[in-house]
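Trainee: give the three-dimensional model of this entry:
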Amino acid sequence: MDCTELLPPASVRGMNVLKRADFQKRVQIPRLRVPESQVQRIIPLVKKLMLKMEHLQPVQSLENGREILLHPLPVKNWQSLPTEELEKQQVTEDNFCHAELELNYENWSANEILKSVLPADEEGLSSFSRIGHIVHLNLRDHLLPYKQLIGEVLRDKLPNCRTVVNKASTIDNTYRNFQLELICGEPEYQVETKENGVPFEFDFSKVYWNPRLSTEHERIVKMLQPGDVLYDVFAGVGPFSVPAAKKRCHVLANDLNPVSFHWLQHNAKRNKCLSHIKMFNKDGREFILKELREDLLQRWSTPAATPHSLHVTMNLPAMAVEFLDAFRALYTAEELAELPEPPNYPQVHVYSFAKGEDTKTLVRQLVESNLGAALDTELQGISFVRNVAPNKDMYRVSFRLTRELLTTAKQTLRKRPAEDDDDATEATTKVKCV
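Mentor: Residues are numbered from 1 along each chain as shown. Got it, this is the predicted structure:
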């Protein structure tokens with residue numbers, strides 16, 4: 001809102017305990033007073049000039065007709081209006097006036113309230129996530145003194161918001177779920193939400209869920225066709241696996257977190273796709289070495305009548321690359337030689353963070369060093385997913401497994417011939433997965 005008259009009072013700047021009454025303000029607002037019989041003909045003429053604020057009706061009842069509230073920025077006087085058209089409807093300057101209007105806390109959005117309160121010379125609340133009835137914040141240090149106020153404003157202003165939490169620490173526990181601090185509302189963390197039309201339910205305090213990844217989940221699922229196979233190594237509550245199973249793909253989904261595993265089962269049942277999904281609760285490496293290995297060999301041994309694609313998703317960006325060496329020497333050369341026809345090798349989609357200047361180059365180095373092989377024709381693409389922090393990005397690296405990767409042990413990766421020694425050393429020191 002560009003009009004300073006319609007902003008919250010300047011006196012609320014720096015408030016860190018929410019005092020809703022302090023937002024009361026009286027302003028002079030232009031208005032048209034017209035008979036009831038003329039209202040429907042007048043409104044289209046001034047619709048773009050009407051005052052629009054939260055919980056404020058721009059057309060209000062009067063004893064003898066209606067009053068149309070107008071925005072004070074474009075409407076300074078009678079001449080600011082389409083006078084010729086209005087006079088054709090018997091509305092003249094006598095129908096125009098300024099009168100006082102009382103504004104209060106209810107009339108401003110959460111963004112307007114917070115902009116008026118938080119320090120003007122520092123970055124404000126730039127974004128937050130909605131997961132069902134929960135609002136999830138990741139507040140910077142300079143906003144922590146205002147966290148209670150921020151929580152109350154968001155709970156007041158956002159529809160169906162009952163709980164506001166702040167990320168209390170980095171994700172460094174075994175099960176990779178957020179550590180949360182309740183700053184406002186009910187300590188109720190079981191949520192229902194929809195992602196790309198698919199309903200999910202889970203306990204947000206005990207599993208990992210990030211709505212900012214919904215587009216990436218959709219990209220992978222769109223790659224799949226009915227009958228394709230998905231091995232989901234770090235499945236969580238099922239954002240890849242459940243939509244794939246609903247699409248009638250054959251899914252093997254795994255997660256180490258027993259709570260995630262519980263909700264994965266629940267979401268598969270809720271979405272009526274249990275016949276297309278097998279679920280496991282174990283370490284990702286064990287899942288690759290046993291379930292993925294056995295299922296893949298079985299499929300290769302009994303080729304399907306119709307061609308299908310095989311995909312492996314590894315969405316644990318802080319450490320998924322560390323599991324890539326599990327594919328090395330997964331089979332013996334003899335096992336693959338005995339297959340009735342050349343195998344259809346899976347495509348791996350591994351997610352990783354990279355921190356540095358050229359993050360796309362760094363994430364490729366990170367994947368290759370953990371895989372123990374340079375990716376040339378096997379590389380399908382390196383896709384940017386999202387920016388996580390300054391100089392820290394998340395990527396998906398997609399590559400196809402080969403006979404050589406699957407039948408030989410991991411090697412210490414030599415640097416690429418084209419690399420200059422100094423450049424290669426510098427790049428290696430910058431590779432980070434955090």
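Trainee: could I get the full set of helices for the stretch 251-400 of the chain?
Mentor: Assigned by DSSP state H, counting those that start in this stretch, the helices in the stretch 251-400 of the chain fall at 258-270, 284-287, 293-301, 333-337, 359-371.
Trainee: for the stretch 201-350 of the chain, just list every one of the strands.
Mentor: 229-232, 250-254, 277-280, 310-314, 347-355 (DSSP state E, counting those that start in this stretch).
Trainee: so which of the ones you listed is nearest Val75?
Mentor: Minimum separation from Val75 across these (CB to CB) falls at strand 347-355, 51.7 Å. C-beta here means a position set from N, CA and C on the backbone, and glycine is covered the same way.
Trainee: and that closest one, what does it pack against?
Mentor: In terms of contacts (3 or more CB pairs under 8 Å, 6 or more residues apart in numbering; DSSP states H and E), strand 347-355 is packed against strand 310-314, helix 359-371, strand 379-389, strand 392-400.
Trainee: can you add distance to Gln148, mean pLDDT and mean neighbour count and give the ones you listed back as JSON lines?
Mentor: Formatted as JSON lines, the helices and strands packed on strand 347-355 follow (distance: least, CB to CB, whole Å; pLDDT from 0 to 100; neighbours: other CB atoms under 10 Å):
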{"stretch": "strand 310-314", "distance to Gln148": "39", "mean pLDDT": "98", "mean neighbour count": "23"}
{"stretch": "helix 359-371", "distance to Gln148": "36", "mean pLDDT": "96", "mean neighbour count": "21"}
{"stretch": "strand 379-389", "distance to Gln148": "25", "mean pLDDT": "94", "mean neighbour count": "14"}
{"stretch": "strand 392-400", "distance to Gln148": "29", "mean pLDDT": "97", "mean neighbour count": "21"}
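Trainee: wait, which of those is closest to Ile277?
Mentor: Each of the helices and strands packed on strand 347-355 has some distance to Ile277 by CB to CB; the shortest is strand 310-314, at 13.4 Å.
Trainee: in its sheet, what does the closest one sit against?
Mentor: strand 229-232 (parallel), strand 347-355 (parallel) (DSSP bridges).
Trainee: what angle do that strand and strand 392-400 make?
Mentor: 160 degrees (axes from the mean of the first three to the mean of the last three CA atoms, to 10 degrees).
Trainee: quick one: strand 310-314 to chain centroid distance?
Mentor: The gap between the average C-alpha position of strand 310-314 and the chain average comes to 21 Å, counting by CA atoms, centre = their mean, to the nearest Å.
Trainee: list of residues touching that strand?
Mentor: 220, 223-224, 228-234, 240, 284, 292, 296, 299, 320, 323-324, 344-351, 401 (CB atoms under 8 Å, 6 or more residues apart in numbering).
Trainee: could I have the buried ones of the residues you listed as PyMOL selection syntax?
Mentor: Of these, the buried ones can be selected in PyMOL as follows, counting by 16 or more other CB atoms under 10 Å:
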select buried, resi 220+224+228+229+230+231+232+233+234+240+284+292+296+299+320+323+324+344+345+346+347+348+349+350+351+401
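Trainee: one step back: nearest approach to Ile134 belongs to which of the helices and strands packed on strand 347-355?
Mentor: Proximity to Ile134 (CB to CB) singles out strand 379-389 among the helices and strands packed on strand 347-355, at 20.2 Å.
Trainee: relative to that closest one, what are the paired strands and their orientations?
Mentor: Partners of strand 379-389, by DSSP bridges, with direction: strand 392-400 (antiparallel).
Trainee: give the next helix or strand downstream of the partner strand.
Mentor: Per DSSP states H and E, the first helix or strand lying C-terminal to strand 392-400 is helix 403-407.
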